[in-house]
Structures are given as structure tokens and as C-alpha cells.
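K.L.:
can you look at this prediction? I've put the sequence above it.
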Amino acid sequence: MASIRRLEKHQARTAYLFITPTVLLFAVFTVIPVVMALYLSFTNYDVVSQNDWIGLDNYRRLIEDDLLWKTFRNVFLYAVIFVPLNILISLLLAMLLNRAWRGVKLFRTFNYLPTLTSSVAAATVWIWLLHPEFGLVNGLLSYVGITGPAWVSQTGTAMLSIIMVTLWQSVGSNMIIYLAGLQGVPDYLYESAR
């Protein structure tokens, strides 16, 4: 009985030893910054001068700011358009690429590659592609006589551009999930459905 308790204590110490680095990293890089940000939100902190406690004034100013409500509206609009389009395009691609035809693996790879691209690199490339003066998209449009807009700068096209770019980068990962689900369905169920 005593040897079992010693073993349990040893296992507990070993477990705490293994989780200590993770807990310390979590505390240093997550908990402490969140607590500091919460504290600083109640002050007039500006890096240079002394921070004075101002209570809820920052939050009052935030609620009265029209930009906050415009941001909420834009995020809601983005979500309402992006989520259904992401699901629909991913599912359609998965259904299209679920067939056993020649070169299908290459098309699956091409559709998945944007997912592997870092967000910063993708944003940089898309900013160049959508540039109003020397961007590739407006250059191609000019060949057919269309003057392209300032895609990211104009109010009418900015949301569409952002949705298009984020769809380009996120459709591949959902497509793989749907494709795995479609390939997990046994053949006899397809035959029964026919």
C-alpha cells in the first residue's frame, strides 16, 4: 500500500514537471498580457506620459463612437456572406474532386495550396494583384476595355475583395474535410441510393 502511494506521488511530481513549462509559457504570453491590457483599458495609457486611472471613460467613448457600430455591421456582413460561400464552394469542389479521373490529385493539390500560404504572404500578393494602378487584375481588365476599381480602397468593392481573398485561402482546408467525408462513405450506400 505504501509503495502504491509512493508511486502515485512520483507520477504526480513527474506530471507537474512535464506541464510546468507549458503553464509558465501560457501565463507569460497569455494570462499576464490579458490582465495588463484589461488594467490599461481603465487608464489613459499612451506609452510616453504617466497613466492615470480614468475608470470607464474609455468604454463610454468607445460606445459613443460610430466606428464601433460600423465595425460590428461590417463583421456581421462579412460573416453572413463568407460562411455560406465557404461551405458551398468547399462542398462543390469536394464533390467535383471526389471522382476518380486522371489528374484529380493534381487539382486537389492546387486547391489546397493556398491554405498552406502564410496570411502575410497572401495579403502582400493580393494587395499587389488588386492594386488600382499597376495591379494584375486591373491590367487584365484594361485589355478588354474595362477600367478596374480601386479594389481594396473603395467602399463598394473592399468587402467583396476581402471576402474573395479569404475564400481563396480557406476553401482548400474545408474541401479536404468534405472530401475525406465523401470518400468515407462506402460504395454500397451510393449503389443503394441509385
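P.N.:
That came through, no problem. Numbers count the residues shown, from 1 in each chain.
K.L.:
so what does the helix of greatest length in the chain touch, helix or strand wise?
P.N.:
Longest helix of the chain, by residue count under DSSP state H: helix 66-96. Using 3 or more Cβ pairs under 8 Å, 6 or more residues apart in numbering; DSSP states H and E, the elements in contact with helix 66-96 are helix 155-183. C-beta coordinates here come from the backbone N, C-alpha and C atoms, glycine included.
K.L.:
which positions in the helix it packs on come out as buried?
P.N.:
157-158, 161-163, 165-167, 169-172, 174-176, 178-179 (16 or more other Cβ atoms under 10 Å).
K.L.:
I'd like the average pLDDT over it.
P.N.:
When pLDDT is averaged along helix 155-183, the result is 92.
K.L.:
stretch 186-194 now?
P.N.:
Here the average pLDDT along stretch 186-194 is 84.
K.L.:
repeat that for stretch 81-98.
P.N.:
Stretch 81-98 comes out at a mean pLDDT of 95.
K.L.:
give me the element Arg102 is part of.
P.N.:
Using DSSP states H and E, Arg102 sits within no helix or strand.
K.L.:
show the pLDDT at it.
P.N.:
According to the prediction, Arg102 has pLDDT 88.
K.L.:
what is the burial count for it?
P.N.:
Close neighbours of Arg102, defined as other Cβ atoms under 10 Å, add up to 6.
K.L.:
now do Leu67
P.N.:
8.
K.L.:
same check, this time on Gly135
P.N.:
19.
K.L.:
so who does the residue nearest to Asn98 when sequence neighbours are not counted touch?
P.N.:
For Asn98, ignoring the flanking residues on the chain, the nearest one in space by Cβ to Cβ, 6 or more residues apart in numbering is Leu182 at 4.7 Å. Residues near Leu182 by Cβ atoms under 8 Å, 6 or more residues apart in numbering: Ala94, Met95, Asn98.
K.L.:
what does the helix or strand hosting Thr22 rub up against?
P.N.:
Assigning secondary structure by DSSP H and E places Thr22 in helix 2-26. For helix 2-26, there are no surrounding residues in contact (Cβ under 8 Å, 6+ apart).
K.L.:
average pLDDT for that helix?
P.N.:
89.
K.L.:
quick one: work out the angle between the next helix or strand after it and helix 2-26.
P.N.:
Per DSSP H and E, the first helix or strand lying C-terminal to helix 2-26 is helix 32-40. Interaxial angle of helix 32-40 relative to helix 2-26 (axes from the mean of the first three to the mean of the last three Cα atoms, to 10 degrees): 50 degrees.
K.L.:
outside of helix 32-40, which residues touch it?
P.N.:
Taking Cβ under 8 Å, 6+ apart as the rule, helix 32-40 contacts Asn51.
K.L.:
10 Å - rerun?
P.N.:
By Cβ atoms under 10 Å, 6 or more residues apart in numbering, the residues outside helix 32-40 that reach it are Phe26, Ala27, Tyr45, Asn51, Trp53, Asn58.
K.L.:
show me how far it is from its chain's centre.
P.N.:
For helix 32-40, the gap between its own C-alpha mean and the chain's C-alpha mean amounts to 24 Å (Cα atoms, centre = their mean, to the nearest Å).
K.L.:
before I go, just wanted to say thanks for your time.
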